[in-house]
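S.K.: Provided below are the primary sequence and the corresponding predicted coordinates.
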Amino acid sequence: MDKLIITGGQPLNGEVWTSGAKNAALPILAATLLTKDRITISNLPHLQDITTTLELLGCMGIEPVMEEKMCIQLGGAVNHCHAPYDLVKKMRASILVLGPLLAHYGEADVSLPGGCAIGSRPVDIHIHGLEAMGADITVENGYIRARADRLKGARIVMDVPSVTGTENLLMAATLADGTTVLENAAREPEIVDLAECLIAMGAKITGHGSSTITIEGVDALHGCKYAVMPDRIESGTFLVAAAATRGRVLVRDARADTLEAVLVKLEEAGAHIEVNEQGILLDMKGQRPKAVSLRTAPYPAFPTDMQAQFVALNAVAEGHSRVIETIFENRFMHVQELCRMGADIALEGNTAIINGVEKLSGAPVMATDLRASASLVIAALTAEGETVVDRIYHIDRGYECIEEKLRMLGAHIRRTAG
Ligand SMILES: CC(=O)N[C@H]1[C@@H](OP(=O)(O)OP(=O)(O)OC[C@H]2O[C@@H](n3ccc(=O)[nH]c3=O)[C@H](O)[C@@H]2O)O[C@H](CO)[C@@H](O)[C@@H]1O
Ligand SMILES: C=C(OP(=O)(O)O)C(=O)O
C-alpha cells in the first residue's frame, strides 16, 4: 500500500492549479448512459474514482475513447444494465448509474453501495423518488432491481436534500413522460454542472441551483461536448493547507462563487483573500491562523467535505473552536489520528472541541477516508518532523497528483510503495 512521507514546517508558497471536480465528473459520466450518441467530456480529473466509473461503464459495454489528456469520448448502447458489487463497493457514486439506466433502457440492476467510513449513507431517497416516477423496485440479495416501461413525471419532495439523490432523479426525469418537480433538492454547484451538461444534451431543466428543480421530459437526448467545472473541494483544501502553514498560495481556476462559506471562514482565521481572474490568492502574511468555529450543512452553507481540513487548521490555530458535523454521523475519524500528532481535540457527539496547539509533531498515521486523508496531510505539512500517512489510496480517490502539486508549493513530500 502506498504511503506519503511528509516533513513539515515549511509555509506553502507559490501557485497550484485546480483539477476538474470529482463530484461533477462522476454524475456527468453516468449521464452519458442517457443517450447512444457520442459525448465528449473534457477537464476530467485523473482520479481513482474516474477510473472506477469508466470500468463500470466498460463492463456495461461502453468503451471510452481517449481524445487527448483528460478528455474522453463515450457513446453507444449498453449490452447489459448491471452494476456489479465488485465495482460498486469501491465507490458510492456508482449508484448514479441507476437513474440513467432505468430511464433509457427501462431496467437496472445495481448493487447497493456499502456503508463507508463516514456514516451509514442510505439510498432510500433515490429509490422512493424513482418509485414515485412509476418504477417497480425491489431490493434483494444486495441489489436494487428496478424496472419501468417509461418513467412518468412526478412531484417529489425529498426528505433531505441528498446530492446524489437529486442527481439520480434529475437524470431519470430528463427522459420521463411529462414534467417532474424535485422539491427540497440539493443545491450543490456540481448539480448545476450536471444540469448544464444535460441541457447541452437536449434536456429541459429549470431551477437547478435552487431547491426546486423542474424537468420537462423529452423523448431522446443527444451528444454534446462538455467541460467539467473546477473542483471546489480541492481548491478549498489547498487554501486551508496554505492557511495552516502560514503561507501564500494562488489556487488557479478556483471558483470563489462556489466557495463562499469556506472563504468567510478562512478570512475569520486571519487569511487575506484576493479573488482575481486567475483564481484565489490566500496570504497569511506569516501569521498563525486564528481558531474558527463552524457547522456543516447542505450548500450554500459550510460543506461537510471541508470539515476535516478545517479541523486540522484549528488544531494548530490560536484559540478554541467547535466544529459541528450535521451531515454524516461518523465523519471524525481523522480526530484520533490528529491527536496522535499532538492535537488537543475532544469529541462530544457530533462536535469536535479543539484547543489549538502551537505545533504538532510528525507521527505515523492512517488515512480512513478521502477528506480525513487531506486533513492528515495538512496537519503533517505544519508538523515538526516526519509524518508517514498510510492507506493513501483514499486520497487518490479525490486528489489528482497530490504530491506533485504540494511539491510545487515547496512541500517536502514523497510517495513510497510499501
Ligand atoms: C459523489 C458525491 O457527490 N458525493 C458527495 C455527496 O454524497 P451523497 O450524495 O452520498 O450524500 P447525500 O447528499 O446523499 O447525503 C446527505 C445526507 O442525506 C442522507 N441520505 C442520503 C440519501 C438517502 O437516500 N437517504 C438519506 O438519508 C445521508 O445519510 C446524509 O446524512 O454529497 C455529500 C454531502 O455533501 C458529500 O459529502 C459527498 O462528497
Ligand atoms: C465523501 C466524498 O465522496 P464520496 O461521496 O464519493 O464517498 C467526498 O468527496 O468527500
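M.R.: Right, received. Where do you want to start? Residues are numbered from 1 along each chain as shown. Ligands and ions are numbered 1, 2, ... in the order given.

S.K.: Listing request: residues of the protein with sub-threshold pLDDT.
M.R.: Flagging of the chain using pLDDT under 70 yields the residue ranges 114-116.

S.K.: What residue spans form the domains of it?
M.R.: Described in terms of the TED database, the domain architecture of the chain consists of the residue ranges 3-18+230-416, 22-227.

S.K.: Any idea how far apart the tips of the longest one sit?
M.R.: So the one you mean is domain 22-227. Looking at domain 22-227, the gap from its leading to its trailing residue is 12 Å under the measure C-alpha to C-alpha, to the nearest Å.

S.K.: coming back round to it: take the domains of the chain and lay them out in JSON lines including mean neighbour count.
M.R.: In this view, the C-beta of every residue, glycine as well, is placed from N, C-alpha and C. Written out in JSON lines, the entries for these read as follows (neighbours: other C-beta atoms under 10 Å):
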{"stretch": "domain 3-18+230-416", "mean neighbour count": "21"}
{"stretch": "domain 22-227", "mean neighbour count": "20"}
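
S.K.: Is it possible to get CSV of these that adds distance to ligand 2?
M.R.: Compiled in CSV, the domains of the chain are given as follows (distance: least, C-beta to the nearest ligand atom, whole Å):
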stretch, distance to ligand 2
domain 3-18+230-416, 4
domain 22-227, 5
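
S.K.: how about the residue lying farthest from the centre of the chain, what does it touch?
M.R.: Of all residues in the chain, Asp149 sits farthest from the chain's C-alpha centroid, using C-alpha atoms, centre = their mean; the distance is 32.6 Å. For Asp149, the residues meeting the contact criterion (C-beta atoms under 8 Å, 6 or more residues apart in numbering) are Gly106.

S.K.: In a strand, it, correct?
M.R.: No: the assignment for Asp149 (DSSP: H, G, I helix; E, B strand; the rest coil) gives coil, which keeps it out of a strand.

S.K.: Report the separation between it and Asp283.
M.R.: 59 Å (C-beta to C-beta, to the nearest Å).

S.K.: what's the answer for Gly165, then?
M.R.: As judged by C-beta to C-beta, Gly165 and Asp283 stand 39 Å apart.

S.K.: same question, Leu381
M.R.: 17 Å.

S.K.: Okay, strands next: where are they in the stretch 301-418 of the chain?
M.R.: 320-324, 344-348, 351-355, 364-366, 386-390, 412-417 (DSSP state E, counting those that start in this stretch).

S.K.: any chance of the ones you listed in CSV, plus distance to Gly153?
M.R.: What follows is the strands of the stretch 301-418 of the chain, written out as CSV (distance: least, C-beta to C-beta, whole Å):
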stretch, distance to Gly153
strand 320-324, 38
strand 344-348, 45
strand 351-355, 42
strand 364-366, 48
strand 386-390, 48
strand 412-417, 49
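
S.K.: okay if I get those strands as CSV plus distance to ligand 1?
M.R.: Output for the strands of the stretch 301-418 of the chain, formatted as CSV (distance: least, C-beta to the nearest ligand atom, whole Å):
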stretch, distance to ligand 1
strand 320-324, 14
strand 344-348, 18
strand 351-355, 16
strand 364-366, 21
strand 386-390, 20
strand 412-417, 24
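
S.K.: closest to Pro45 out of those?
M.R.: Proximity of these to Pro45 was assessed by C-beta to C-beta; the nearest stretch is strand 412-417, lying at 17.8 Å.

S.K.: and the angle for that closest one with strand 386-390?
M.R.: Per axes from the mean of the first three to the mean of the last three C-alpha atoms, to 10 degrees, the angle that strand 412-417 makes with strand 386-390 is 40 degrees.

S.K.: Alpha carbons of strand 412-417, in PDB - could you do that?
M.R.: Extracted in PDB, the C-alpha atoms of strand 412-417 (Å, rounded to 0.1, in the frame of the first residue of the first chain):
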ATOM      1  CA  HIS A 412       8.700  18.100   1.400                       C
ATOM      2  CA  ILE A 413       6.500  15.200   0.400                       C
ATOM      3  CA  ARG A 414       7.100  11.900  -1.300                       C
ATOM      4  CA  ARG A 415       5.300   8.700  -2.000                       C
ATOM      5  CA  THR A 416       6.600   5.200  -1.300                       C
ATOM      6  CA  ALA A 417       5.100   1.900  -2.300                       C
END
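
S.K.: Who does that strand pair with, and is each partner parallel or antiparallel?
M.R.: Strands flanking strand 412-417 in the sheet, each with its direction: strand 2-7 (antiparallel) (DSSP bridges).

S.K.: And the helix or strand following the strand it pairs with, what does it pack against?
M.R.: Beyond strand 2-7 in the direction of the C-terminus, DSSP states H and E gives the next helix or strand as strand 13-17. Under the contact definition 3 or more C-beta pairs under 8 Å, 6 or more residues apart in numbering; DSSP states H and E, strand 13-17 sits against strand 248-252, helix 402-408.

S.K.: For ligand 1, find the nearest of those.
M.R.: Of all the helices and strands packed on strand 13-17, helix 402-408 sits nearest to ligand 1, with 16.9 Å by C-beta to the nearest ligand atom.

S.K.: chain center to that closest one: distance?
M.R.: Averaging C-alpha coordinates over helix 402-408 and over its chain gives two centres that are 20 Å apart (C-alpha atoms, centre = their mean, to the nearest Å).

S.K.: Other residues contacting it?
M.R.: 4, 12, 14-17, 238, 241, 377, 381, 395-396, 399, 411, 413-415.

S.K.: how about the helices in the stretch 201-350 of the chain?
M.R.: 232-244, 260-268, 307-315, 333-340 (DSSP state H, counting those that start in this stretch).

S.K.: In CSV: those, plus distance to Asp37.
M.R.: Supplementary listing: those in CSV, determined by distance: least, C-beta to C-beta, whole Å:
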stretch, distance to Asp37
helix 232-244, 29
helix 260-268, 36
helix 307-315, 39
helix 333-340, 42
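
S.K.: can you tell me which residues contact the residue nearest to Gln287 when sequence neighbours are not counted?
M.R.: Nearest residue to Gln287 in three dimensions, chain neighbours excluded: Gly270, at 5.6 Å (C-beta to C-beta, 6 or more residues apart in numbering). Contacts for Gly270 (C-beta under 8 Å, 6+ apart) come out as 243, 284, 287-290.

S.K.: now with 6 Å?
M.R.: 287, 289-290 (C-beta atoms under 6 Å, 6 or more residues apart in numbering).

S.K.: out of these, who's nearest Ala315?
M.R.: The closest of the contacts of Gly270 to Ala315 turns out to be Pro289 (C-beta to C-beta; 10.2 Å).
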